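J.: Return a 3D structure for these sequence lines:
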Amino acid sequence: MGEALARDYTMKQTVKQTREAAMTSVSIVPLPRRAASALAFIVTAHIVKKRKGHQQQRRRRWWLREIFRKRLQYGNRLIKDMQMEMVEDIILNFTRMKSTDFDYLVLVIGPKIEPVDTHMREAITVKERIAITLRYLATGDSYTSLQ
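T.: Numbers count the residues shown, from 1 in each chain. The predicted model follows:
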C-alpha cells in the first residue's frame, strides 16, 4: 500500500513539473492551462510506462523446474548406463559413432564446453551434452523429445 502511495505521489510531482515546464516553454503561442496539463499527463504516462518496462522483467518462478531437479534420482541415465555396460552397439546406435571416436571428441571439445556446478543445481556433464547433441544432429528430433 505504501509503495502505491509513493508511486502516486511521484507521478503527481512529475506531472506538476512537466506541466510547469510546458507552460514556461519557449513558444510563439503559450499553451492554455488545460492543454499544458494534458500534455504533461501524456508525457508523464509515457515516461512511467518506459520506466516500468525496464524495471519489470519477467520473474522466474523456478531456477530449475521440479521435473529437471529430480532427473538425477528418477531421470534418464542412458549415457551412464551405456558407459557401464560398455556395449559398443548401444553407443554406436545412440551417438552414431564408435566409443573411441566419442571419447576423442569428448577429449577435444570437453574443456571448451565444460559446465560449472552451482549450489542451485548440478550441471549436465560434458559426455551427456555431446551425446545429446550428436543424437539431435543424427535423428533430427525436436529438443523436447530428447529431454
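J.: what is the mean pLDDT for stretch 44-57?
T.: Over the span of stretch 44-57, the pLDDT mean works out to 73.
J.: again with stretch 104-111
T.: Mean pLDDT, taken over the full extent of stretch 104-111, equals 91.
J.: In that stretch, which residues are buried?
T.: Going by neighbour count (16 or more other CB atoms under 10 Å), the buried part of stretch 104-111 is 105-106. Heads up, the C-betas are built off the backbone N, CA and C, glycines and all.
J.: can you list contacts of it?
T.: By CB atoms under 8 Å, 6 or more residues apart in numbering, the residues outside stretch 104-111 that reach it are 97, 126-127, 130.
J.: what about stretch 121-130, start to end distance?
T.: From the first residue to the last, stretch 121-130 extends over 19 Å; the measure is CA to CA, to the nearest Å.
J.: which parts of that stretch are buried?
T.: Burial within stretch 121-130, assessed by neighbour count using 16+ other CB under 10 Å, is assigned to 126-130.
J.: Put together JSON lines for these, with pLDDT on each row.
T.: Shown next, in JSON lines, are the buried residues of stretch 121-130 (pLDDT from 0 to 100):
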{"residue": "Val126", "pLDDT": "86"}
{"residue": "Lys127", "pLDDT": "84"}
{"residue": "Glu128", "pLDDT": "82"}
{"residue": "Arg129", "pLDDT": "86"}
{"residue": "Ile130", "pLDDT": "87"}
